[in-house]
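# What would the 3D arrangement of this be:
(chains A, B, C and D)
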There are 4 protein chains.
Amino acid sequence: PDAEFFPDIGKIAFRSDAGPAETLVFKHYNANEVVMGKTMEEWLRFSVCFWHTFRGTGADPFGFPTLIRPWDDGTNSIENAKRRLRAAFEFFSKLGIKYWTFHDRDIAPERETLEETNKDLDEISDLALELQKATGVKLLWATANLFANPRYMNGAASNPDAHIFAYAGAQVKKCLEVAKKLGAENFVFWGGREGYHTLLNTDILAEQNHLANFFKMAAAYKKKIGFTGTLLIEPKPKEPAKHQYDYDAMTVIAFLKHYGLEKEYKLNIEPNHTTLAGHGYEHDIVMASAFGMLGSIDSNTGSPDLGWDTDQFPMDIKNTTFVMKTVIEQGGIQPGGLNFDCKVRRESTDLKDMYIAHIGAMDTFARGLKNASKLIQDGVLKNLVKERYNSYTTGIGKKIEDGTATFEELEQYILEKGNPHAVSGQQEHCESILNFYI
Amino acid sequence: PDAEFFPDIGKIAFRSDAGPAETLVFKHYNANEVVMGKTMEEWLRFSVCFWHTFRGTGADPFGFPTLIRPWDDGTNSIENAKRRLRAAFEFFSKLGIKYWTFHDRDIAPERETLEETNKDLDEISDLALELQKATGVKLLWATANLFANPRYMNGAASNPDAHIFAYAGAQVKKCLEVAKKLGAENFVFWGGREGYHTLLNTDILAEQNHLANFFKMAAAYKKKIGFTGTLLIEPKPKEPAKHQYDYDAMTVIAFLKHYGLEKEYKLNIEPNHTTLAGHGYEHDIVMASAFGMLGSIDSNTGSPDLGWDTDQFPMDIKNTTFVMKTVIEQGGIQPGGLNFDCKVRRESTDLKDMYIAHIGAMDTFARGLKNASKLIQDGVLKNLVKERYNSYTTGIGKKIEDGTATFEELEQYILEKGNPHAVSGQQEHCESILNFYI
Amino acid sequence: PDAEFFPDIGKIAFRSDAGPAETLVFKHYNANEVVMGKTMEEWLRFSVCFWHTFRGTGADPFGFPTLIRPWDDGTNSIENAKRRLRAAFEFFSKLGIKYWTFHDRDIAPERETLEETNKDLDEISDLALELQKATGVKLLWATANLFANPRYMNGAASNPDAHIFAYAGAQVKKCLEVAKKLGAENFVFWGGREGYHTLLNTDILAEQNHLANFFKMAAAYKKKIGFTGTLLIEPKPKEPAKHQYDYDAMTVIAFLKHYGLEKEYKLNIEPNHTTLAGHGYEHDIVMASAFGMLGSIDSNTGSPDLGWDTDQFPMDIKNTTFVMKTVIEQGGIQPGGLNFDCKVRRESTDLKDMYIAHIGAMDTFARGLKNASKLIQDGVLKNLVKERYNSYTTGIGKKIEDGTATFEELEQYILEKGNPHAVSGQQEHCESILNFYI
Amino acid sequence: PDAEFFPDIGKIAFRSDAGPAETLVFKHYNANEVVMGKTMEEWLRFSVCFWHTFRGTGADPFGFPTLIRPWDDGTNSIENAKRRLRAAFEFFSKLGIKYWTFHDRDIAPERETLEETNKDLDEISDLALELQKATGVKLLWATANLFANPRYMNGAASNPDAHIFAYAGAQVKKCLEVAKKLGAENFVFWGGREGYHTLLNTDILAEQNHLANFFKMAAAYKKKIGFTGTLLIEPKPKEPAKHQYDYDAMTVIAFLKHYGLEKEYKLNIEPNHTTLAGHGYEHDIVMASAFGMLGSIDSNTGSPDLGWDTDQFPMDIKNTTFVMKTVIEQGGIQPGGLNFDCKVRRESTDLKDMYIAHIGAMDTFARGLKNASKLIQDGVLKNLVKERYNSYTTGIGKKIEDGTATFEELEQYILEKGNPHAVSGQQEHCESILNFYI
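Numbering: from 1, shown residues only, chains lettered A, B, ... in the order given. Take a look at the predicted model:
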C-alpha cells in the first residue's frame, strides 16, 4: 500500500472542547452539523489547492525555498509528480475536505514538446482520477497555468505574438479535456499576465479583443466536448502585471458584457485581490452576487497594510461572517466552493503547519457560517434594510422602481409634497447589531 | 460699466522668453499656434470650473475658510451671486479661456422651496447667458449638485427614500433646461454620494437599479427638450462615500452596458479619481478611449502619496504628454474639453494665485500637446507597437484576430510549428524614446 | 435645574442578556466588574471628546452640516457655548464615562483679540470646573487647536512667520493654565498643520528646529506653573498637510531624541493615524509601548480601504483585543486613557446615535479587555514567545543579549557549531490560538 | 585575453544629437562636462549593482526565469562565478560607470560550511580586485546578503535564535574584511528580514535590542580592522516582512539615536522604499539630508500605483531634478553615490536592454543635474524660501530661533502686536518656477 506521508497525523477530529493550543482539531467545523437546512459541508464546499499546498516552496523575491517536503525529491520526474499527488490526497482525506483544485503545470511536469507534456498530463490525471475515486474527493475546478513559463511573460491570450496565443489555446484545450475527464465542476481562468506593464508598448484594445476571442473559443470548445462545468474568470487588479485587464468584479463584468460573453462566464472572487483593488474585503463578493455573477470564491486574505498578494489563510471571523452572509443569501455557492487559495507563511516550515493553517481557516469559516445564519434567521438587519427602502413599494417610489416615472412627474411630486428630509443611516447601530453575532 | 474685480491683472500675454519667476504670462500656451492642423485652443478646449475657483473657500476638514475674495460678501443674496458671476467672466476673459463649467447650486443660491430656488437659477442663468454673449465664453458643461445638501447625505438617485430621489430628478430636470438655454455642449453626472458607507444597511442592487432608472429618465428628458449636449458620467472610486458605484471607467462601462445605457452616456475622466482607484494617471483616459467612451477630461492631478482627492492643478509634463497623446490619437476631445476641476491650495490666498495656477497648468498642457504631437508625427513608438502585433495580420494570427480560429486549429498549429519564443518587451527602450520628447 | 438635553435617554444600563437590536444598553461593559485585579473602568479609562461629539457638524468636503443639535443655536455666543457644555456633561453622566477631553477653541469661542478670547475661555472653564465637580467627570487631557484658524494654514510652531509662532505659544500658554485649573491628567499636542505641502517653498530643518523650541518652551512653562500632567505628542502621517512631521511613533521618537526632549514627552497613539502611515492597526501602540513611550490612546478606527482619516468608532473585537493586550502587558495606560476620538457618521443624525456609537465601542473594548485578559492569564502565547527566544538566555546568546559578544566570537562559534537551522514561525498556529479568545 | 561578453556593443558614446530611437548612446550624460565646478561624473557617482544586473533572472512570484545570459551556465561553480564577474566588468567599462556594488552571496557561491564559503569568496574577491585595478572601476559599497538563505527566514540579527544571529555576525565579519580588501568606500546594511510577520510570535523589543548590538559589533569590528568606509543603513518599510524595523529615514534615525549609534551610521536612501512608506519620492532624501544623515542613494523608482518594490530604472526627469537639488545643496553625495539598485523588466530579455536601461537612467539623472544646477544658480526659489522665513532673523523671531524665548514673552508679543495674518504659500507659483527648469 501507499506509504503514509503524514505518519504523525491522523484524521482530524471535531472536538468543541479543545483548548487554545490544540490547533490540530476542529473546534467549530463539524461537517455534518446542520445549519439552515444544509450541513456545514454542503454550505462551505471547501477545497484545497494543489499549487500552493503541494508545489509552494516558500521562495519569495528575496529568498530561496524554505518548505522542504520529504516526499518531494526536487526533480521533474513523473514519479515525483505522482508521489506529490498521493501525498495531496492523503492530506485531503485526513483533513476531511471533499474538493481539490489544480493548475495543469503544477500536477504534471512540462516537457520539451506539447505532445510530451500532454502525455505526462494524461498519466498524472489517470492517477488523479483513481485517487478521486478511492477517496471520494472531487475536483472543484481545474485551471491552466498561462503565466509561469517564460513564453507567457508578455501575456498568453493577450500576447503580442499570435504564436504564443496559439500555444495558450492548445494548452487550455487539453486542460478542458482533463477537467472533463476528472468531473470538474468548474473551470477557472486567472489572467495572470493578461494586462500591461507600460502603455508605451501596448495596444490595449487589440489585446482585449484577442482575449475576448480566446474566451469565445474556450466556451465553444467546452460545448463541443460536452464539459458541463461552469467557466469562471478570476479578477485581480495588478501583480504580476502593472495593470491586469481583469481588475475587479465590475471590470470583468464590463468586459464580458462588451464582448457578449456574460452568459458563458461567471466570476471566481478572491478577497485578497478585492482588497488590492482598493475595495473592502467582501465588496466584490457582494457586488458579483448582486449582478448574478458570483460563481465561486477563493477564500483567502491579505494584510490591509500590504500592497501585494500575500494569499494568507483567512482567520478573521468578521470577514468570514460577511462572506457566508452573502453565500446564504444567494442560496449557496454550488457548483462553486470555498477554495483555499492560500499558502502557509514561508516561515511555517513544519508539516503540521499545513494542517493547522487549513483547520484554523475552516474553523473561522464555520464560525462565520454560524454567525451569518443566526444573523439572517433573526432578521433584525434584514428588516431594518427592508424598512429603509420601503418608500419604493408604493406611489411615486413604485413608479421609480418600475422605471415608469419621468422627470416631469418627479418635479410635480416635489411641488406638491415639498422638500424631503434626510433619515439617519444608523451605521453604528448596524455595526453593533453585527457585533452581537460575532 | 462693471467694476474690475482684478484691477491689477490684464489680459494674460504669451511671451516665450519670460523668466522663471514670471508666472503671470504664458510661456508655452499660444492659443492660435497650429499643431497638427489645429490650433492649440482647438486641441486643448480648456474650461474653468466655477465651483472651485469662485466658490471654493479653502475650508478643509480641519480648518476654516482661508480664501477671502473682495467681491464676495459671504451672503446668500442674488446680488452676491451675480457679482461672483461677473468676476468669473472677467477671470475667464483675462485668462483667455473659452469655456466654463458650473454646478447649479454654486452659481445660484438654494431657497426654501424648489420654485424659489428655480426662480433664482433662472435669474442667474439669464445673467450667465448675457455674459457668455458678451465675452464669447461658452459652456462646456453644466451639472447638478446632488451631494452638498444634507438631504443627499445617503445618496440622490440611490437614496433609500423615493422622496429624495424625486427631488434629485426635479433638480436635474431644471438643470438640463438651463444647460440647454446656455448652449452647454455636454452635461455631467458625478455620483457624489451614489454609493455606500456600510453594506450592513444597504441594498446595493436596488440602489443601482434606481440609479439606472434615473439615468434613463435623464436621457429621455434630454431628448424631449431637444438638448443636444453629450451626457457624461464621471467615475470616482470613493470619497465622500466609502464606495462609489461609479468606481472607475470600466465599472461605469459595466453599469451602462448592464442597463442598456451605453449609447446614451459617455465618460468624463478625472485623473485624480483614476489614481485614487489604484490605476496609473492616464489609465482611465486610455481605457475609456479604447472602448469609444471618452467624452471629456477633468484635467487635474492628485499627489501619489495621498489617499484623498486633492484636485491639484496639473503641473507634470509627462502626465500631460500622455493625456494629449490619447486625445490626438482619438482625433480630439470635442465636444468635451479639458476642464480644470482643480483648486488653488488653501494656502494660496492671493488673488493672483488663481491666475498663476491656471496659467501654469495651461502651459503644462501646451507642452504636453507639443511633446505628444512630435512623438506621434515621428512615429517611432507607433511603428514599434505596430511591429510588435504584426503576427496578427496573417495566417493563424489573422484567424485569431477575426475570431474564426478554434482551439483545435491552435493545437494543430503548435504541433506543426513547435514552441514559441518570448520577445523582449523593450520597456526601458520605450521609456527612453518617450523621454526624448519631454 | 438644568434642562435635560436628552430627555428620552436615561442612565445607560448594563444588561448582558439584551438582544441584538437593543443597542442602548451595555452587554459587555460593566464598569465595576473586576478583571485581573482592576475594574473595567480602571483598565479602560474611556473619555468622550468634546470636539467631535459636541462640535462636529457632519460637514465634509462635499457637503453641508447634517448633525443638528437642539441645544445648539448655531451662534458664537457664550450662552450657546455653556449650553453645549452642559449637554456634554449630561451625556458623559448618562453614558457613565468618567473622563472627557477638549480643544480650547471648541469649548469657548474665539474673539477678536487674545485677551477677549482668553476671557471667554476663563468663563467657560469656570463652568467646566463646576460641572466636573458636580458630576465627578474628570479631564483626561486638554489640547490647543492650532490648526482651524486661517492664521495656522502654513503651520503653527512650524510656521514661516514668527508672529504666528508667537500666537501659537501664547495660545498654548493659556491652554496649559486652563488644563492645570481643571486638573487635566495629560496635555496633548497634535501637529495639525506642522508639516509641508510642497518641499519647494519649505525649509524643513528650520521648521523642525522651531517646532522643537516650541516643545521646549511648553515643557518649561509646564514646570513653571506646576502643571503635573503628562505632555503627549500625537503622531499623524498626513492630512491636512501632505506630510506631517509627526508621521508615526518612530518618527516622533526620532524627533524627541534628536532634540533631547524624550524625557519630557510621551505619545498619544491613534490607530486610524497608524493605519494611514501604512502600519497594522496596533503597530504604533505596540512600538511606542516597547520603547516606553506609550502615554495614551485615541481609540478609534479607519476603514482599511480608505486613504483619509475617518475617525470611526472602533467596532472590531480583534483590534480591541490587540490594544488591550498591550495595555495589560504594560500594566495599564494611566494617567492616559482610551479617548474616543471618533465621530458618528454624518448620516447618523439621530441624537441616540451619539449614545449607540459610544456604547458599541465601549462594549467592543470590554470584549477586547476580557479576551486579552484570558489570553494573558492562560499564558499560551507568552510561553510560546518566551521559548522562541530562549537561546538568548545562555551561552553565546547571553553574550549577544548583554552586548558583550564580538564578531570574532560569533565566527568562532559558527566554526565550532556549524550551520544553524531555521525553525517554524508557526504564524497560523498563533493566529488559531488568538481566535480561541475572540 | 578574456572573451568579449557583449561583442555587439562598444564603449557607449555621448552624442547630443542622437535621435529618439538611438537609445544606445548618451544624449545628456557627458562624464567630463563641468557643472557648478565639478564634472558630471563627480556629481553623479553612478554605480552598477551586481545582484540585479548580473544575478537577476527575471523570476517573479508567478513565473520562472526569463533572463538567459550566454555567459551563465546556471551552475554554482567558481568558474561560472568568475565568468559573471568578468562580464560585469566589461559591462561597467563599456557603460563608462566608475563604481560597482555587490552582495557577498551573489558574487561568490555559498558552500556547505562557512570556511568553504569564505574560501570561495576570497578567490572571487581576488579576481574582483584584479578587475578593479585593470579597469579603474571602484567599489562604492559591499553588503552581506542576510536574507536569501532559508536560515534567515525569521531574520538575521533579529532572529529569535542566537545561533542564526551568530552566523550573520560571522558572515558580516568576513564581508567587512572583503570590503576593506577591495577598498569599498561604504558598507551597507539592508535589513531584509529584520522585522516581523505577526506580532503574535514576536518580541519586538528583544529583536531591536539584538539588532542594535549587532550594529555595535559591526562598528567595533570596522574600527578594529581599519576599514574606513562609511557604514550605511538602508530603510525599507515592508516586503519581504510585513513590517521592517528600518521603516523609513526617521525610523532608522530614531533607532540609531535610541541606541547611541548615530555617530557610526548614515543612511542609504532608496526612493522606491520611500514611496512604499507612503512618502513623496524625494522625501527621505531631503529628510535624511536635513538631519545630516544622508550617506548614499539607491537611485531607482517604483510605480506609484503599485504596492511592492519594483526596482525600476529612474526615468522621470522631475524626480531626478529633485534628487540632484538636494545632492548639490549638501555639497555632493561622496563618499556615497547613485547606485542603480534597479533591474531591467523581466520582459526586457535582450542583452542590449541592460545597456539601454542604464543609459536611459544616466541621461535622466544628467538632465536632473543640469536642471537642478540652473535652478540653484538662478536662486529664484532659494530667495523665495529665504524671504519666507525672514521673520526669524530679528526680534522675537530671532529669540525663537535661538531657543531663548518663553511662552510669557510670546504672549506679551501678541498682546502688543495683535493678531498675525496668514501669507500665501504660493505653491502653484513655485511649481511653475520648477517647471521652467524641466
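# The strand or helix carrying A:K318: which residues count as buried?
Taking DSSP states H and E as the definition, A:K318 sits inside helix A:317-329. Neighbour-count burial for helix A:317-329, with 16 or more other CB atoms under 10 Å in any protein chain shown as criterion, is recorded at A:I317, A:K318, A:N319, A:T320, A:T321, A:F322, A:V323, A:M324, A:K325, A:T326, A:V327, A:I328. Using the backbone N, CA and C atoms, a C-beta is placed for each residue, glycine as well.
# mean confidence for that helix?
The average pLDDT for helix A:317-329 rounds to 98.
# anything in that helix sitting right up against chain D?
No. In terms of CB under 8 Å from any CB of the partner chain, no part of helix A:317-329 sits within range of chain D; the closest distance is 15.9 Å.
# what helices or strands is that helix leaning on?
helix A:40-44, helix A:283-290, strand A:294-298, helix A:351-378, helix C:317-329 (3 or more CB pairs under 8 Å, 6 or more residues apart in numbering or on different chains; DSSP states H and E).
# at 7 Å instead, please
Other elements packing on helix A:317-329 under the criterion 3 or more CB pairs under 7 Å, 6 or more residues apart in numbering or on different chains; DSSP states H and E are helix A:283-290, helix A:351-378.
# so how far is the shortest one off the chain centroid?
Centre-to-centre, helix A:283-290 and its host chain are 13 Å apart (CA atoms, centre = their mean, to the nearest Å).
# Please work out which residues outside it touch it.
For helix A:283-290, contacts defined as CB atoms under 7 Å, 6 or more residues apart in numbering or on different chains pick out A:235, A:248-250, A:267, A:269, A:271, A:274, A:294, A:297, A:323, A:326, A:330, B:199, B:204-205, B:243.
# Secondary structure class of the closest residue to A:W51 other than its chain neighbours, three-state.
Closest residue to A:W51 apart from its sequence neighbours, by CB to CB, 6 or more residues apart in numbering or on different chains: A:D106 at 4.3 Å. When classified by DSSP: H, G, I helix; E, B strand; the rest coil, A:D106 comes out as helix.
# quick one: stretch A:133-147 near chain D?
Yes. Against chain D, stretch A:133-147 shows contacts by CB under 7 Å from any CB of the partner chain at A:F147.
# near chain D, which residues of chain A?
Looking at chain D, the residues of chain A close enough under CB under 7 Å from any CB are A:60-66, A:147-150, A:153-154, A:192, A:197, A:238-240, A:242, A:303, A:306-308, A:345-347.
# need the contact list for the residue nearest the centre of chain A.
Centroid check for chain A by CA atoms, centre = their mean gives A:D298 as the closest residue, at 2.2 Å. Counting by CB under 7 Å, 6+ apart, A:D298 touches A:E234, A:N268, A:I269, A:E270, A:N339, A:D341.
# hang on, the earlier thing: please work out which of the helices and strands packed on helix A:317-329 is packed deepest.
Mean neighbours per residue, mean count of other CB atoms under 10 Å in any protein chain shown, is largest over the helices and strands packed on helix A:317-329 for helix A:283-290, with a mean of 25.
# Can you list which of the contacts of helix A:283-290 are found in helices?
Using DSSP state H, A:A249, A:M250, A:P271, A:T274, A:V323, A:T326, B:I204, B:L205 are the members of these that sit in helices.
# Serialize those to JSON lines and add fields for distance to C:G260.
Compiled in JSON lines, those are given as follows (distance: CB to CB, whole Å):
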{"residue": "A:A249", "distance to C:G260": "54"}
{"residue": "A:M250", "distance to C:G260": "54"}
{"residue": "A:P271", "distance to C:G260": "47"}
{"residue": "A:T274", "distance to C:G260": "47"}
{"residue": "A:V323", "distance to C:G260": "52"}
{"residue": "A:T326", "distance to C:G260": "56"}
{"residue": "B:I204", "distance to C:G260": "55"}
{"residue": "B:L205", "distance to C:G260": "60"}
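# which bits of the stretch 151-300 of chain A sit near chain C?
Within the stretch 151-300 of chain A, the residues that sit near chain C (CB under 7 Å from any CB) are A:T275, A:G278, A:H279, A:G280.
# Filter the residues you listed down to the ones in helices?
Per DSSP H, those map to helices at A:T275.
# Tell me the residue of chain A that sits nearest chain D?
A:G307 (1.3 Å; CB to the nearest CB).
# dump the residue contacts of that residue.
Counting by CB under 7 Å, 6+ apart, A:G307 has contacts D:L306, D:G307, D:W308.
# so which of the residues you listed comes closest to D:T75?
Ranked by distance to D:T75 (CB to CB), those are led by D:W308 at 30.3 Å.
# Now do A:H210 against chain B, distance only.
The spacing between A:H210 and chain B, counted by CB to the nearest CB, to the nearest Å, is 6 Å.
# Ignore what I typed, I meant A:T301.
Look at A:T301 and chain B: by CB to the nearest CB, they are 17 Å apart.
# what's the answer for A:K11, then?
Computed with CB to the nearest CB, the distance linking A:K11 and chain B is 38 Å.
# quick one: that residue is in a strand?
No. Remark: A:K11 does not belong to a strand; assigned using three-state DSSP, it is coil.
# Drop anything exposed from the ones in helices among the contacts of helix A:283-290.
Among the ones in helices among the contacts of helix A:283-290, the ones that count as buried by 16+ other CB under 10 Å are A:A249, A:M250, A:P271, A:T274, A:V323, A:T326, B:I204.
# Do you know the pLDDT at the nearest residue to the last one once chain neighbours are set aside?
The shortest distance from B:I204 to any residue that is not its chain neighbour, by CB to CB, 6+ apart, is 5.3 Å, and that residue is A:A290. As summarised for this prediction, A:A290 has a pLDDT of 98.
# now do A:A3
Looking at A:A3, its pLDDT reads 62.
# What of the one 3 residues further on?
Per-residue confidence at A:F6 stands at 97 (pLDDT).
# for the residue of chain A closest to chain D, phi and psi?
Torsion angles at A:G307 (phi, psi; degrees, to the nearest 10) stand at phi -100, psi 20.
# is it in a bridge, and if so with what?
A:G307 has these beta-bridge partners by DSSP bridges: D:G307.
# Show the model's pLDDT score for it.
97.
# Any figure for the gap between it and B:L294?
Look at A:G307 and B:L294: by CB to CB, to the nearest Å, they are 29 Å apart.
# cool, and A:W190?
Using CB to CB, one gets 29 Å for the distance from A:W190 to B:L294.
# pLDDT weak spots in the stretch 51-200 of chain A?
The stretch 51-200 of chain A contains no residues with pLDDT under 70.
# Check it for the residue nearest chain C and tell me.
Taking CB to the nearest CB, the stretch 51-200 of chain A has A:T66 as its residue nearest chain C, at 6.6 Å.
# Give me the neighbour count for the closest residue to that residue other than its chain neighbours.
In space, A:T66 comes closest to A:G58 once its chain neighbours are excluded; the distance is 3.6 Å by CB to CB, 6+ apart. Counted with other CB atoms under 10 Å in any protein chain shown, the neighbours of A:G58 add up to 19.
# I figured A:G58 hits A:I68, correct?
No. Using CB atoms under 7 Å, A:G58 makes no contact with A:I68, being 8.7 Å away.
# on that earlier part again, buried among the residues of chain A next to chain D? Make that a PyMOL selection.
PyMOL command restricting those to the buried ones, with burial defined by 16+ other CB under 10 Å:
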select buried, chain A and resi 60+62+63+64+66+147+148+149+150+153+154+192+197+238+239+240+242+303+306+307+308+345+346+347
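# Closest residue of the stretch 151-300 of chain A to chain C?
Nearest residue of the stretch 151-300 of chain A to chain C, counting by CB to the nearest CB: A:G280, 5.2 Å away.
# pLDDT value on that residue, please?
A:G280 is given a pLDDT of 98.
# give me the number of residues near it?
Using other CB under 10 Å, A:G280 has 24 neighbouring residues.
# Spell out the secondary structure type for the closest residue to it other than its chain neighbours.
In space, and not counting its chain neighbours, A:G280 is closest to C:D305: 5.2 Å by CB to CB, 6+ apart. Of the three states, C:D305 takes coil under three-state DSSP.
# is it true that C:D305 touches A:G278?
Yes. Using CB under 7 Å, C:D305 is in contact with A:G278, at 5.7 Å.
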